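Asker: quick one: sequence and predicted model below, then my questions.
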Amino acid sequence: MAKSTSETPRAAAKKVSAKVAKPGKTAPKVQPPQAAKPVLLSGGNPQIAKGYGDAPVQAYIAAMPGWKSELGRRLDALIVRTVPGVRKAVKWNSPVYGVADEGWFLSIHVFTKYVKVAFFRGTLLRPVPPGESKQKEVRYLDIHEDDLFDEAQLSDWVKQASQLPGERM
């Protein structure tokens with residue numbers, strides 16, 4: 001008896017189901033990429049890539065842990081309100097603020113228990129901000145979670161600092 005070339009119904013069904021199941025016949029479901037959360041360095045300081053403009057500064061502020069993020073928003077708003085047209089950047093994992101062609105006058109940095117505001121020519125401000133630095137002209141204002149800092153004084157320091165020759169970085 002000669003072999004039949006026809007397939008059994010069961011074998012034919014397997015071939016049909018195999019053809020239907022082949023990849024590429026329907027569009028695969030693709031999940032949109034999720035933005036990776038920034039790494040927090042020692043003390044909780046967000047690791048944000050160096051960049052110029054508002055976007056990297058806002059990314060830094062959004063990544064500040066806990067209560068520090070709200071403080072970052074307040075500080076940023078105060079600086080923008082006090083110095084219209086202020087330049088912004090993130091350098092060395094810290095937001096910096098400056099005036100076009102005059103350099104940078106201030107930076108913000110996150111530590112475990114406080115946020116440090118650095119005035120690059122702080123010794124020239126009146127009154128001089130309270131925090132001393134190893135760098136001759138730099139002065140700091142450290143803001144802790146429960147501190148009620150004087151926004152009027154801080155605004156005055158920001159205005160004064162913005163009118164001084166800035167730091168070239």
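Answerer: That came in fine, so what should we check first? Predicted model only: the values in this text are computed from it and were never measured. Numbering: from 1, shown residues only.
Asker: so which strand or helix has Phe105?
Answerer: strand 103-110 (DSSP states H and E).
Asker: what's that strand in contact with?
Answerer: 43-46, 64-65, 68, 72, 75, 79, 87, 89, 91, 93-99, 115-121, 158, 161-162, 164-169 (Cβ atoms under 8 Å, 6 or more residues apart in numbering). Using the backbone N, CA and C atoms, a C-beta is placed for each residue, glycine as well.
Asker: any idea how far it is from the chain center?
Answerer: 14 Å (Cα atoms, centre = their mean, to the nearest Å).
Asker: pull out the buried members of the contacts of strand 103-110.
Answerer: Of the members of those, the ones counted as buried by neighbours, 16 or more other Cβ atoms under 10 Å, are 44-46, 64, 68, 72, 75, 79, 87, 89, 93-99, 115-121, 158, 161-162, 164, 166-167.
Asker: isn't there a strand covering Ser155?
Answerer: No: Ser155: not assigned to a strand; according to DSSP: H, G, I helix; E, B strand; the rest coil it is helix.
Asker: so how far is Pro38 from it?
Answerer: Per Cβ to Cβ, to the nearest Å, Ser155 is found 29 Å from Pro38.
Asker: over to Pro127?
Answerer: 35 Å.
Asker: those two: who's more crowded?
Answerer: Pro38 (17 against 8; other Cβ atoms under 10 Å).
Asker: okay, the more buried one: pLDDT?
Answerer: Listed pLDDT for Pro38 reads 70.
Asker: now do the one 3 residues further on
Answerer: For Leu41, the pLDDT comes out at 68.
Asker: residues near Gly66, how many?
Answerer: Neighbours of Gly66 using other Cβ under 10 Å come to 9.
Asker: now, the buried ones among the contacts of strand 103-110 that are in strands?
Answerer: 87, 89, 94-99, 115-119 (DSSP state E).
Asker: taking those residues together, which two end up most distant?
Answerer: Val99 and Val115 (22.2 Å; Cβ to Cβ).
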